[in-house]
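Engineer: generate coordinates for the sequence data below:
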Amino acid sequence: MHKVDLSNKSIYTDLIIEKENNTNKCKIIDKTNNLKVQESIDCTTIFYNDITDKDNYINVQNTFINELNKYLKINSKDIILVIGLGNSNSTPDSLGPKVIDNILVTRHLYLLGNVDPNYSNVSAYTPNVMGNTGIESTRIIKNIIKEIKATKVIIIDALKTNNIDRLIKTIQITNRGIIPGSGINNNREEINKNNMNTEIIAVGVPTVVDIRNILNTNNFIVTPTNIDFMIEKLSILIGNGINISLHKNFNRQNNN
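Structural biologist: Model (predicted):
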């Protein structure tokens, strides 16, 4: 087999565990041993083998909810903003916008004073990509946060991995923030607690892998052939997971 020397190549990734070669304690929480959670102080990574099977899907979603709640710690005074980064016209980059399509928004009800206390104050927005708008996503998000006085922001984005085994089989949750485009070395202004002046929780799934991990070829990334199906499944899983975390009554009344 031909071996590829990657020692002098820059392999870009959005996964914290790959950037830092993180070896923090792992715990297996799935009875069938096909799911693993790796936790550190400010990052949680969920590894799974499959979400096409109903039982596996439910198991991954419940795990995602449990881990997300550790970061959110919602209270009745919170004003939540959910942001979907990405490009809805590019399937591998459409996770964020598609998750937003599944978010239950309630801010308009709060403005009208017609509020069930079992539902949080939630807004959702997709800023699109700078190539389509000419405006930095960070600037748009910062203005929205200021306008609605958001106390917590959940950001969803498609990520890049340098390990093909993690492709579409990993969910990363972190409170470090996120740099749009960092996985392809197309860095934009960072979205984090310091420059947003509010709490940021970033959720991401690697949807592409650098082909230089497979072939001695530059400037190419690859994505699974079933990416359309998997993005659809993941957008519902993450969207419903966020809804259940934010709204006490969502699971009983809406997630049928």
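
Engineer: strands of the stretch 101-250 of the chain, start to end?
Structural biologist: Counting by DSSP state E, counting those that start in this stretch, the stretch 101-250 of the chain has strands at residues 121-125, 152-161, 170-174, 199-210, 221-222.

Engineer: low pLDDT regions in the stretch 51-200 of the chain?
Structural biologist: Low-confidence segments of the stretch 51-200 of the chain (pLDDT under 70): 129-134, 181-188.

Engineer: can we see that at 50?
Structural biologist: 183-184 (pLDDT under 50).

Engineer: save the strands of the stretch 101-250 of the chain as JSON lines, and put in distance to residue 237 and mean neighbour count too.
Structural biologist: C-beta here means a position set from N, CA and C on the backbone, and glycine is covered the same way. Output for the strands of the stretch 101-250 of the chain, formatted as JSON lines (distance: least, Cβ to Cβ, whole Å; neighbours: other Cβ atoms under 10 Å):
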{"stretch": "strand 121-125", "distance to residue 237": "17", "mean neighbour count": "21"}
{"stretch": "strand 152-161", "distance to residue 237": "11", "mean neighbour count": "26"}
{"stretch": "strand 170-174", "distance to residue 237": "9", "mean neighbour count": "22"}
{"stretch": "strand 199-210", "distance to residue 237": "10", "mean neighbour count": "25"}
{"stretch": "strand 221-222", "distance to residue 237": "23", "mean neighbour count": "16"}
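
Engineer: out of the ones you listed, nearest to residue 44?
Structural biologist: strand 170-174 (4.5 Å; Cβ to Cβ).

Engineer: can you mark which positions in stretch 56-73 are buried?
Structural biologist: 56-57, 59-61, 63-65, 67-68, 71-72 (16 or more other Cβ atoms under 10 Å).

Engineer: ditto for stretch 220-232
Structural biologist: Applying 16+ other Cβ under 10 Å to stretch 220-232 flags 221-224, 227, 230-231 as buried.

Engineer: just stretch 92-101 next, same as before
Structural biologist: Judged by neighbour count (16+ other Cβ under 10 Å), stretch 92-101 contains these buried residues: 92-100.

Engineer: how far does it sit from the chain's center?
Structural biologist: 9 Å (Cα atoms, centre = their mean, to the nearest Å).

Engineer: next: stretch 59-76.
Structural biologist: Per Cα atoms, centre = their mean, the centroid offset for stretch 59-76 relative to its chain is 13 Å.

Engineer: got it, and stretch 98-115?
Structural biologist: Stretch 98-115 has its C-alpha centroid displaced from the chain centroid by 20 Å (Cα atoms, centre = their mean).

Engineer: with just CA atoms, put that stretch into PDB.
Structural biologist: The C-alpha trace of stretch 98-115 is given here as PDB (Å, rounded to 0.1, in the frame of the first residue of the first chain):
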ATOM      1  CA  LYS A  98     -31.700  22.800   8.800                       C
ATOM      2  CA  VAL A  99     -31.500  22.600  12.600                       C
ATOM      3  CA  ILE A 100     -33.000  26.100  12.800                       C
ATOM      4  CA  ASP A 101     -36.000  24.700  10.800                       C
ATOM      5  CA  ASN A 102     -36.700  22.400  13.700                       C
ATOM      6  CA  ILE A 103     -36.400  24.900  16.500                       C
ATOM      7  CA  LEU A 104     -39.500  25.900  18.400                       C
ATOM      8  CA  VAL A 105     -39.300  29.700  18.800                       C
ATOM      9  CA  THR A 106     -41.400  31.500  21.400                       C
ATOM     10  CA  ARG A 107     -40.100  35.100  21.700                       C
ATOM     11  CA  HIS A 108     -43.100  36.400  19.800                       C
ATOM     12  CA  LEU A 109     -45.300  34.900  22.500                       C
ATOM     13  CA  TYR A 110     -43.300  36.500  25.200                       C
ATOM     14  CA  LEU A 111     -43.600  39.900  23.500                       C
ATOM     15  CA  LEU A 112     -47.400  39.400  23.500                       C
ATOM     16  CA  GLY A 113     -47.400  38.400  27.100                       C
ATOM     17  CA  ASN A 114     -49.000  35.000  26.100                       C
ATOM     18  CA  VAL A 115     -46.500  32.600  27.700                       C
END
